[in-house]
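Visitor: no sequence on hand, only this structure:
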């Protein structure tokens, strides 16, 4: 990580940024491979939009114009930008975008969106005030088939498992299962049950039991909820059996189970091992109505869920229409921060450059520039030495940055190129020399533990 | 442009975003081809940093946490994020980043940076409150050779002339020429001369003469300055001759002329026609000390300069060191806005998708998913029809989005693929079918006027 003078606002050194760009490029590649269209929304929303999701209002950064503040302080009247704040996620802005542009969009609309978001939280380990999210969502006009609840977590599993990190498991549950169990048990405060179960990893089963008790959920009910919450398996038959053994039943539960087991069965076929049912997953947010998703990185469970989401029957509404959706969001900065600090992955060099062309003396700089232009015209990232220093110093320029090749202009075009890692130096012609594929661009490789 | 409920905060529809991504991808490609390393800085700087550039203080968006504001309103004491604002350019943050990380960076440090910036201005035609800039800078530790003042505008000329827009000319001048002329004329208030000349396109020569007179620059002096400001040519000999005819001379002027003509001569060799000397270019900002740059798009001069910058002897300073630099910044949003609205360029489709696999009936969706998985594994962007509607409707799904191919799963793997533009339908195997190169990804082509 780069030195930074404001805590919670991470910045990377150039080699860290190469890791981050690799992640962003890979995510984009997989999202586009699956037909998601990229959009961006403005960083700013009205406070009315942002505060509609009340529980997050504590986290909002509000904007004001400095000039207006100064004018107000001096008692003068000045134009003010009332009620704007920075977005704290990409779901609220996407919902607004869908409603504003509904007549121009084609539904079901599959979009990905990779942008910074801001939360005015007290910074702590792994929590940032500014961070990048990468979201995919599908939103329908009026209706949205269930199969998207199967498709989207698999797109994320594919995207994440393409990165140079340990295996990522997507954990799934279904709100209808939890609600169905509550119904069957006679628990009326489903929200309280969800809130309690959501804390199981933090405060343990006993802590949850106590919280549930405080919400009027009795010991027998809590016991079943906690047994349900301990079901974790990729096997759909086992999910059914273990839930059945708890003596719960009902129509909503059955519908939820059908969806959850269909998701598991398809996932096991398409990407064995990538998806696991975990019935303690509740997701605090109250707008989820079907499948809910979290994820964990093998050996880095302490990081928490770096990719989460779910199905919502009403992402957005306008006068006439409701837009149901399903989506997941990756916390890119948290992931990249761990990749850099652990380190899980490392960039092979600090710059895009594959070749530095040496400069014999300043009068002949143009000759070096000509060579560079030929290499670049063939797609080879090339720099020219900043000064006609001794060749040893020019080689050091490349070495410090991890640039693999130094090109020496020769008399009458008799050039040579040196691989400074091996010391091998060969005759070369800029019009035909081929950069080894592995050296063409900086690579980002897994660091073996 | 997408509908937007906040003026000055542009958003694009998916097809517009494809145009923007094409621009961003091309800029990045050219910057990396020339060895620039990508970095990002946080969106937020301290007000102290931002206000150090006093003249722009009116444009700063200040941040506060909503919770803190509410607490303050109710009289309670609450933690407050004092003195933070959104950056209004990428130069101020880059200068801070260089100083903070000087020990980790390799100098001369060539970086590119593509990010949103914010200015709390009153929105007007072509002026945004939130927009994307794409900057390149080279910064040295203590010293920076002149040749970078030649290299950088040529990188920008290459990047801009690769875009699907009319030819872009980079206009250059040198502060030392203007200062040298002022010295020679006995004009002491060089800042006033620069400020006046900067307005020549807005208020005309007479308006400038009047402004100069108000700053104590007499009629004879103003006359020479205005004749200088009318010199515009790519021919370095002509620059010398016409300036010489004005009867001005001096050491600083000679140094500036040497630099300006060297820049022109090299540019004419490397990229004929891309760079033109324009001696009215002053750049308002007072930190430029050598070459200064603006640019114009042929036939779209009304847009103003979409790429500007210059040389500064002190981009940043810390206790012991000074960091000179040279850089240019592209106003990407202004450019993309014109590309979309004119339109100068158009995306060939609204989505990345090359193929939609039809679904015969919902029971056989998995068969369509298998085909899609094979196509994707071969790098072909593929979607699966959202529902098993009539084939006519599934073709319409592709047609509305501009997706060129629809794939029909057949019995026993006897699949066919249809080019819906020509109606041609052929037998195809997902493991071997080749998507025509022009259709693999959405293209962004110049619109012929």
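Guide: Good, I have the coordinates. Note that the structure is a prediction, hence the values are computed from the model and not measured.

Visitor: element containing the residue of the stretch 201-350 of chain A found nearest chain B, please.
Guide: Distances between the stretch 201-350 of chain A and chain B by CB to the nearest CB are smallest at residue A:350, namely 6.5 Å. Yep, even glycine has a C-beta here, placed from its N, CA and C like the rest. In the assignment (DSSP states H and E), residue A:350 maps to no helix and no strand.

Visitor: what does the one 3 residues further on give?
Guide: Taking DSSP H and E as the criterion, residue A:353 maps to no regular element, lying outside all helices and strands.

Visitor: surely it touches residue A:380?
Guide: No - between residue A:353 and residue A:380 there is no contact under CB atoms under 8 Å: 9.3 Å.

Visitor: contacts only, for residue A:179.
Guide: A:190, A:252-253, A:256 (CB atoms under 8 Å, 6 or more residues apart in numbering or on different chains).

Visitor: which one of residue A:353 and residue A:380 has more residues nearby?
Guide: Between residue A:353 and residue A:380, counted using other CB atoms under 10 Å in any protein chain shown, residue A:353 has the larger neighbour count: 26 against 21.

Visitor: quick check, pLDDT for the closest residue to the more buried one other than its chain neighbours.
Guide: For residue A:353, ignoring the flanking residues on the chain, the nearest one in space by CB to CB, 6 or more residues apart in numbering or on different chains is residue B:35 at 4.0 Å. Per-residue confidence (pLDDT) for residue B:35: 98.

Visitor: how many other residues sit next to residue B:35?
Guide: 24.

Visitor: A helix includes it, no?
Guide: No - under DSSP: H, G, I helix; E, B strand; the rest coil, residue B:35 falls outside any helix and is assigned coil.

Visitor: which residues does it contact?
Guide: Contacts of residue B:35 by CB under 8 Å, 6+ apart are A:351-353, A:356, A:381-383, B:110.

Visitor: from those, pick the one nearest residue A:62.
Guide: residue B:110 (37.3 Å; CB to CB).

Visitor: sec struct for the closest one, please.
Guide: strand.

Visitor: next one: residue A:312
Guide: Residue A:312 ends up strand, using three-state DSSP.

Visitor: what does residue A:346 give?
Guide: Per three-state DSSP, residue A:346 ends up strand.

Visitor: buried ones in the helix or strand bottoming out on mean pLDDT in chain A?
Guide: Within chain A, no helix or strand scores below helix A:66-73, which has a mean of 72 by mean pLDDT, DSSP states H and E. Neighbour-count burial for helix A:66-73 flags A:66-68 (criterion: 16 or more other CB atoms under 10 Å in any protein chain shown).

Visitor: same thing with stretch A:258-276?
Guide: For stretch A:258-276, using 16+ other CB under 10 Å, the buried residues are A:259-264, A:266-268, A:270-271, A:274-276.

Visitor: ok, and of those residues, which contact chain B?
Guide: A:266, A:270 (CB under 8 Å from any CB of the partner chain).

Visitor: narrow the buried residues of stretch A:258-276 to those in helices?
Guide: Members of the buried residues of stretch A:258-276 lying in helices (criterion: DSSP state H): A:259-264, A:266-268, A:270.

Visitor: could you dump those residues into JSON lines with pLDDT added?
Guide: Formatted as JSON lines, these follow (pLDDT from 0 to 100):
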{"residue": "A:259", "pLDDT": "98"}
{"residue": "A:260", "pLDDT": "98"}
{"residue": "A:261", "pLDDT": "98"}
{"residue": "A:262", "pLDDT": "97"}
{"residue": "A:263", "pLDDT": "98"}
{"residue": "A:264", "pLDDT": "98"}
{"residue": "A:266", "pLDDT": "96"}
{"residue": "A:267", "pLDDT": "96"}
{"residue": "A:268", "pLDDT": "96"}
{"residue": "A:270", "pLDDT": "95"}
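
Visitor: ok so residue A:20 is a helix residue?
Guide: Yes - per three-state DSSP, residue A:20 lies within a helix segment.
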